[in-house]
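Enquirer: Here is the input, now give the coordinates:
(one chain, ligands or ions: 2)
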Amino acid sequence: MEVSTAMWTAAVVGAAVIYWFVWVMGAAEVKGKRAVNLKMGSITRDKVQDKYKQYWSFFRRPKEDIAAASDGDDVPAFVDTFYNLVTDIYEWGWGQSFHFSPSLPGRSHREATRLHEERAADLIAARPGQRVLDVGCGVGGPMRAIAAHSGAHVVGITINEYQVARARAHNRKAGLHDRCEVVCGNFLEMPFADASFDGAYSIEATCHAPRLEDVYREVLRVLKPGALYVSYEWVTTALYREDDSRHVETIRGIEAGDALPGLRAQHEVAAVARQVGFEVVEERDLALLPAGPWWTRLMMGRIAYWRNHLLVSALTALRVAPKGVVEVHEMLYETARHLSDGGQTGIFTPMHMILCRKPLVAPS
Ligand SMILES: C=C(CC[C@@H](C)[C@H]1CC[C@H]2C3=CC[C@H]4[C@H](C)[C@@H](O)CC[C@]4(C)[C@H]3CC[C@]12C)C(C)C
Ligand SMILES: C[S@@+](CC[C@H](N)C(=O)[O-])C[C@H]1O[C@@H](n2cnc3c(N)ncnc32)[C@H](O)[C@@H]1O
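Expert: Numbers count the residues shown, from 1 in each chain. Ligands and ions are numbered 1, 2, ... in the order given. As a prediction, this is how the structure comes out:
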């Protein structure tokens with residue numbers, strides 16, 4: 001074979017391999033966000049690396065320091081930065097629902113995710129004609145599933161503008177834009193009138209609040225008397241021991257890589273709900289048996305993580321993805337390790353469910 005023919009053959013085969021790697025292997029879970037389209041939210045390309053460094057130096061501090069700094073008031077701005085950095089990577093590698101769910105034998109991750117979301121809608125008895133609030137809605141995976149399942153009108157709030165744009169685009173594409181609304185705002189000071197919702201839910205979102213009571217008080221304010229609120233909370237369980245250095249490392253790793261100002265203990269959640277004025281109807285860790293393990297989805301993906309690491313490195317080298325994406329991806333990889341350790345040891349759960357009711361008569 002002539003040299004030029006060999007070179008052409010190598011070039012064509014190389015291009016086919018790259019095409020296959022980027023476009024065909026693409027997303028780990030849901031097609032729709034491709035690696036070549038990874039943006040870093042509303043951060044301009046040249047600022048990604050700096051923003052990541054600022055984020056990391058803020059959240060890797062001990063939780064006491066985060067709470068002490070401006071009394072926790074800086075937290076929402078850094079959470080916003082976090083979601084600018086991770087939203088596209090989450091969509092690309094996980095899907096449109098940014099949460100975990102118990103695994104179900106014989107069911108796909110997508111089905112298990114949807115059933116976990118529908119369970120929230122059923123717990124608050126959401127139905128057609130109602131106006132339901134999604135506290136910390138992400139790009140709206142749960143919102144669309146709940147609107148479709150219950151027939152209710154869902155209003156979501158997120159601090160991150162980029163997520164608002166993504167969620168609205170997904171709502172339109174799904175033909176649910178008449179029943180799903182998205183608002184950009186802080187769930188610690190919501191731009192909604194008192195007693196304006198028939199129900200509310202939060203899925204793995206209120207863990208970002210520096211003080212849980214602040215977000216629960218806001219939810220209580222906007223609910224009508226008698227309305228129900230369900231939350232899936234990230235907490236440490238009774239198995240967590242502060243004197244075990246491996247436990248501490250796992251929990252610190254989860255907090256730093258997930259923009260959390262400090263995980264709460266499981267037993268604190270109901271106390272906070274009662275303190276702000278809710279009646280607690282039920283609370284239960286949805287990760288406990290007979291539920292299938294939620295963390296296996298993270299562990300099964302080790303090979304996928306390496307493929308994704310190679311992809312983001314190649315795309316950064318080719319200047320398709322902005323500088324800094326590799327670091328963000330690396331941080332998520334580390335976080336996944338801590339999360340699955342937390343799940344396997346049982347010291348952490350991302351699905352402590354609490355169901356509350358706003359009393360019909362305000363306590364005097
Ligand atoms: C509720 C929160 C987010 C929970 C999860 C949706 C995300 C937590 C960790 C994320 C991921 C970790 C590893 C990534 C992997 C390295 C990459 O190749 C593809 C995406 C990941 C799987 C990513 C996906 C989303 C998570 C599972 C928090 C923030 C309160
Ligand atoms: C892990 S995501 C979960 C999103 C969604 N519940 C889901 O399951 O797909 C957490 C969400 O909480 C939102 N959030 C965090 N802190 C917030 C705040 N102070 N005000 C409003 N939204 C906030 C984030 O922007 C993000 O949308």
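Enquirer: hey, let's count contacts and neighbours off CA atoms from now on
Expert: Will do.
Enquirer: For this structure, which segments count as strands?
Expert: 131-135, 153-158, 180-184, 197-203, 223-236, 264-265, 279-285, 348-357 (DSSP state E).
Enquirer: okay, these in a markdown table with mean neighbour count, mean pLDDT and distance to ligand 2 next?
Expert: As requested, these are arranged in a markdown table below (neighbours: other CA atoms under 10 Å; pLDDT from 0 to 100; distance: least, CA to the nearest ligand atom, whole Å):
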| stretch | mean neighbour count | mean pLDDT | distance to ligand 2 |
| --- | --- | --- | --- |
| strand 131-135 | 25 | 98 | 7 |
| strand 153-158 | 25 | 98 | 4 |
| strand 180-184 | 22 | 98 | 7 |
| strand 197-203 | 26 | 98 | 4 |
| strand 223-236 | 23 | 98 | 9 |
| strand 264-265 | 15 | 98 | 15 |
| strand 279-285 | 16 | 98 | 17 |
| strand 348-357 | 24 | 98 | 10 |
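Enquirer: Dump these into a markdown table; add distance to residue 120 as well.
Expert: Below are those laid out as a markdown table (distance: least, CA to CA, whole Å):
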| stretch | distance to residue 120 |
| --- | --- |
| strand 131-135 | 11 |
| strand 153-158 | 13 |
| strand 180-184 | 16 |
| strand 197-203 | 7 |
| strand 223-236 | 7 |
| strand 264-265 | 21 |
| strand 279-285 | 13 |
| strand 348-357 | 9 |
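Enquirer: what residues are up against residue 88?
Expert: By CA atoms under 8 Å, 6 or more residues apart in numbering, the contact set of residue 88 is 33, 38-41.
Enquirer: go with 10 Å
Expert: Counting by CA atoms under 10 Å, 6 or more residues apart in numbering, residue 88 touches 33-35, 37-41, 94-96, 139, 162-163, 166.
Enquirer: So which bits of the stretch 101-250 of the chain are right by ligand 2?
Expert: Residues of the stretch 101-250 of the chain found near ligand 2 (CA under 6 Å from any ligand atom) are 136-138, 140-142, 157-160, 185-188, 202-205, 208.
Enquirer: From these, which land in helices?
Expert: Here DSSP state H is the test, and those give 141-142 as lying in helices.
Enquirer: In PyMOL, select just the buried ones from the residues of the stretch 101-250 of the chain next to ligand 2.
Expert: Buried residues among these (16 or more other CA atoms under 10 Å), as a PyMOL selection:
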select buried, resi 136+137+138+140+141+142+157+158+159+160+185+186+187+188+202+203+204+205+208
